[in-house]
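Participant: Got a predicted structure plus its sequence, pasted below:
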Amino acid sequence: MQVDPRHRFDNFIVGSANRLAVAAARAVAESPGAVYNPLFIYSGSGLGKTHLMGAIGNHASGRGGGANLDIEYVSLDDFVEQLHAAIASGEGERFKQRYQRVDVLLIDDMQFLTGRRETQTELLRLLNAMQGSGRQIVMSSDRPPAEIADVDERLITRLSGGLIVDIGPPDFETRIAIMRAKCEERGVRFWPGVVEELGRLEFRNVRELQGALNRLIAFQTLGGEQIKPEDVLTVLGDLPEAKRAAEHGTRGVPAPNEFQSFVSDIATAVAQHVESWKARVAEAIAYWTGEGYRTGQLERLLDETAPPPNWESLLRGFGATVERLKALEQQATEVDAALGGNEVFRDPERLREAEILLDRALAGATPPPGPSAAFTRQGFEVSSSNQLAVRAADDIVAEPGKRYSPLFIHGPSGVGKTHLLNAIGNELVDGSGGATAVACISAQVFMDELIEALQDGTVERWRARYRSADALLIDDVQFVAGKERTQDELFHVFNALHAEGKQLVFCSDRPPRDLDGLEDRLRSRFEGGLVVEMQSPDRALREKLYARYLAATEHEPGPDLLAYLAERPMASVREIIGTVNRLVAAADVAGAPLTLAVARAELDPESSASARPATPAAVRAAADTFFLDDEKVVWEWTDASTRMLEELK
């Protein structure tokens, strides 16, 4: 679960009742795992625990160099549901590994641990693992750990080993600061003294205080007149806090007779001046302001003397606009977490600005590289050495994400894995008329982009690029072995795409089981699809490839030449291409067509030489190299003694 981007330290009002908790939270957010681990925050409901935990998550993810932290916020109920689901599906170990990789874990509502022994045991293990690896855990509850009934003593000891802080009800000054901040945020103005009068009421938590403020805002908007300080207790007269204040003679409360008269006057004014449609509009204003949205569009309706003919459709349209803003904000947050909470997503009158902001964010995240157009399915020759891989490729093109996802193709270098991978990508794009977004890259490019994103602090945007793809095809995936962070990101991208039924294809020089340094969680996912092998070209494939490559030159191969070349073993397609280039060059140098004789002379010079008849020149060339000078070669030696005397002179 993502942390709410609206929960930040800069909009959390600090007072005497929460100062220690805020200081501890800031320290944890600045240096996760280094101080106060675990941090346990407890307080009554509505005093800001969840806000403070969200502020920790947002600050830790946005701090310099910390954008790569894996932050997880979860309520205890959700944690328990995930644990039970993992156990039921036999994936308990995977559940443990998932949370042990989290850098900052935020668990809310720990009071529900009561009686859940299995969850307590798992939390104890998780706490030990995260503390041992320097990872931060923050918990919140409505009571301290020692007061949570039926909890394992070992877990209580671990929690007590960190820092336990509480948040108390806000004091007068804090209540005033909170209300002024809320009024400023919503653009509401009261008479001087109204906020202070409301602040004198001792509410148990911030939510009740905010509810009372919403009530004053709605009443002022509904009545069309500014509320005065002496009106506060009247408007809030049915609240327990207002009743207690009235009983204790709080300043500003009218005398009993005056009070009855005032209530009567207000009732009369409401009956005379406020119609039912205005009441509906005022209720909508109170609701949406409570949700944090600007309501200027609705507030202007109250200035109308008569109900507009379309006022109900305006209310419905306002709600639809808010839902659209929520969707835009969610998309923007997926691209860049820093965009969450932007003010344009809180004002329905700025919908167009919100759409433009999202478009710019998406434009900034360029799509991943696609397949190379040079590699086509029609240009890929098939034989028994690669037939299984090709059939699997054709099947996934016909039904992407449904047949074999992932498809894992392995084989030695140069046998056509890259060609087939790109051909799959091109077929997926062409089959959808260009609508399918296919990411087709090498593992090295994947790693280089991740490193660049880490340096620029744009990891979220980088992730969004690949998670938005309809198919992910990665070549030379063996190079991610031993790269811990790259494997971690690939794992999450894999899960996101696989969960959405998208197609995944990987190529490697070895099968998954032989990749040293590959994490088991990735290995198991690779092997969970279809693993096929591509072998070195057999004779039939070699003949097809020679015919194709030679036909692309000016030399038309004869059947005898093709048969000769096909009989020669080749480890890869690259060797075949190299041989073709060599033969074409030899024929061009000789100024003759490429024939079987030329090929033999180039590829088997020794055998071709032994097949030719001996000539005098060849005999002389093969003579003993001692006779270097033709004048000293004795061809006729009729008088040996005379010749010897000549040499001794």
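Facilitator: Perfect, thanks for sending it.
Participant: I'd like the distance from residue 507 to residue 416, if you could.
Facilitator: Distance of residue 507 to residue 416, computed by CB to CB, to the nearest Å: 10 Å. Every residue, glycine included, has its C-beta placed from N, CA and C.
Participant: got it, and residue 29?
Facilitator: Noted for residue 29: a distance of 51 Å to residue 416, by CB to CB.
Participant: Residue 332 now?
Facilitator: 42 Å.
Participant: now this structure, which segments are flagged as low pLDDT?
Facilitator: Within the chain, the stretches with pLDDT under 70 are 1-2, 63-67, 221-225, 237-276, 290, 335-341, 360-367, 607-649.
Participant: Would you map the strands across it?
Facilitator: Remark: strands assigned in the chain by DSSP state E are 39-43, 71-75, 104-108, 136-141, 163-167, 407-410, 438-442, 471-475, 503-508, 530-533.
Participant: between those strands, which one is nearest to residue 354?
Facilitator: strand 71-75 (24.4 Å; CB to CB).
Participant: what's that closest one in contact with?
Facilitator: For strand 71-75, contacts defined as CB atoms under 8 Å, 6 or more residues apart in numbering pick out 1-3, 53-54, 57, 60-61, 82, 99, 102-109.
Participant: okay, the strands of the chain in CSV with distance to residue 570 and mean neighbour count next?
Facilitator: Below are these laid out as CSV (distance: least, CB to CB, whole Å; neighbours: other CB atoms under 10 Å):
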stretch, distance to residue 570, mean neighbour count
strand 39-43, 64, 24
strand 71-75, 52, 19
strand 104-108, 54, 24
strand 136-141, 57, 26
strand 163-167, 68, 20
strand 407-410, 19, 26
strand 438-442, 24, 23
strand 471-475, 22, 25
strand 503-508, 20, 26
strand 530-533, 17, 18
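Participant: is it possible to export the ones you listed to JSON lines including distance to residue 49?
Facilitator: JSON lines is the format used below for these (distance: least, CB to CB, whole Å):
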{"stretch": "strand 39-43", "distance to residue 49": "5"}
{"stretch": "strand 71-75", "distance to residue 49": "12"}
{"stretch": "strand 104-108", "distance to residue 49": "7"}
{"stretch": "strand 136-141", "distance to residue 49": "4"}
{"stretch": "strand 163-167", "distance to residue 49": "6"}
{"stretch": "strand 407-410", "distance to residue 49": "46"}
{"stretch": "strand 438-442", "distance to residue 49": "41"}
{"stretch": "strand 471-475", "distance to residue 49": "39"}
{"stretch": "strand 503-508", "distance to residue 49": "40"}
{"stretch": "strand 530-533", "distance to residue 49": "48"}
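Participant: Out of these, the one nearest residue 177 is which?
Facilitator: Closest approach to residue 177 among those (CB to CB): strand 163-167, 15.1 Å.
Participant: so that closest one versus strand 136-141, what angle?
Facilitator: Between strand 163-167 and strand 136-141, the angle comes out at 40 degrees (axes from the mean of the first three to the mean of the last three CA atoms, to 10 degrees).
Participant: Parallel or antiparallel, which strands does strand 163-167 pair with?
Facilitator: In the sheet, strand 163-167 lines up against strand 39-43 (parallel) (DSSP bridges).
Participant: List the contacts of the strand it pairs with.
Facilitator: Contacts for strand 39-43 (CB under 8 Å, 6+ apart): 21, 24-25, 28, 49, 52-53, 110, 136-145, 159, 162-168.
Participant: for the stretch 501-649 of the chain, what spans make up the helices?
Facilitator: Along the stretch 501-649 of the chain, counting by DSSP state H, counting those that start in this stretch, helices occupy 520-527, 539-551, 559-566, 573-590, 596-603, 605-610, 616-622, 640-648.
Participant: The ones you listed into CSV, with extra columns for distance to residue 491 and mean neighbour count?
Facilitator: What follows is these, written out as CSV (distance: least, CB to CB, whole Å; neighbours: other CB under 10 Å):
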stretch, distance to residue 491, mean neighbour count
helix 520-527, 6, 16
helix 539-551, 36, 19
helix 559-566, 44, 17
helix 573-590, 32, 16
helix 596-603, 48, 17
helix 605-610, 54, 10
helix 616-622, 67, 9
helix 640-648, 88, 8
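Participant: With distance to residue 502 as extra columns, can I get those helices in CSV?
Facilitator: Output for those, formatted as CSV (distance: least, CB to CB, whole Å):
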stretch, distance to residue 502
helix 520-527, 14
helix 539-551, 32
helix 559-566, 40
helix 573-590, 30
helix 596-603, 47
helix 605-610, 54
helix 616-622, 68
helix 640-648, 92
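Participant: Indicate which one of those is closest to residue 452.
Facilitator: Comparison of the helices of the stretch 501-649 of the chain against residue 452 by CB to CB identifies helix 520-527 as nearest, at 22.1 Å.
Participant: Just want the angle from that closest one to strand 503-508.
Facilitator: Going by the same axes, to 10 degrees, helix 520-527 makes 110 degrees with strand 503-508.
Participant: quick one: contacts for the residue most central in space within the chain?
Facilitator: In the chain, the C-alpha closest to the average C-alpha coordinate belongs to residue 463, at a distance of 3.8 Å (CA atoms, centre = their mean). Going by CB under 8 Å, 6+ apart, residue 463 touches 489, 492-493.
Participant: I'd like those written out as CSV, with distance to residue 528 and neighbour count added.
Facilitator: Formatted as CSV, these follow (distance: CB to CB, whole Å; neighbours: other CB atoms under 10 Å):
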residue, distance to residue 528, neighbour count
489, 19, 23
492, 16, 16
493, 16, 21
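Participant: Using CSV, please lay out these together with distance to residue 373.
Facilitator: Listed next are the contacts of residue 463 as CSV, based on distance: CB to CB, whole Å:
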residue, distance to residue 373
489, 28
492, 30
493, 25
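Participant: quick one: which of the residues you listed is nearest to residue 181?
Facilitator: Here the nearest of the contacts of residue 463 to residue 181, counting by CB to CB, is residue 492; it sits at 36.8 Å.
Participant: so what's the closest one closest to, chain neighbours aside?
Facilitator: Leaving aside its sequence neighbours, residue 492 sits nearest to residue 463 (CB to CB, 6 or more residues apart in numbering; 7.3 Å).
Participant: How much space separates the one you found from residue 323?
Facilitator: Taking CB to CB, one finds residue 463 at 25 Å from residue 323.
Participant: my guess is residue 207 contacts residue 44, does it?
Facilitator: No: using CB atoms under 8 Å, residue 207 makes no contact with residue 44, being 10.2 Å away.
Participant: Tell me how many other residues surround the closest residue to residue 141 other than its chain neighbours.
Facilitator: Once flanking residues are discounted, residue 141 sits nearest to residue 110: 4.0 Å by CB to CB, 6+ apart. If you count neighbours by other CB atoms under 10 Å, residue 110 ends up with 24.
Participant: which residues sit in contact with residue 110?
Facilitator: Residues near residue 110 by CB under 8 Å, 6+ apart: 40, 76, 139-141, 145, 148.
Participant: hey, C-alpha coordinates of stretch 14-25 in CSV?
Facilitator: In CSV, the C-alpha atoms belonging to stretch 14-25 read as follows (Å, rounded to 0.1, in the frame of the first residue of the first chain):
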residue,chain,number,x,y,z
VAL,A,14,3.7,20.4,16.3
GLY,A,15,2.7,21.0,19.9
SER,A,16,3.7,20.1,23.4
ALA,A,17,1.7,16.9,23.2
ASN,A,18,3.4,15.5,20.1
ARG,A,19,6.8,17.2,20.1
LEU,A,20,8.8,14.1,21.1
ALA,A,21,7.0,11.8,18.7
VAL,A,22,7.6,14.3,15.8
ALA,A,23,11.3,14.6,16.7
ALA,A,24,11.7,10.8,16.8
ALA,A,25,9.8,10.4,13.5
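Participant: what comes into contact with that stretch?
Facilitator: 9, 12, 36, 39, 41, 43, 47-48, 52-53, 55-56, 138, 163, 165-171, 173-174, 177.
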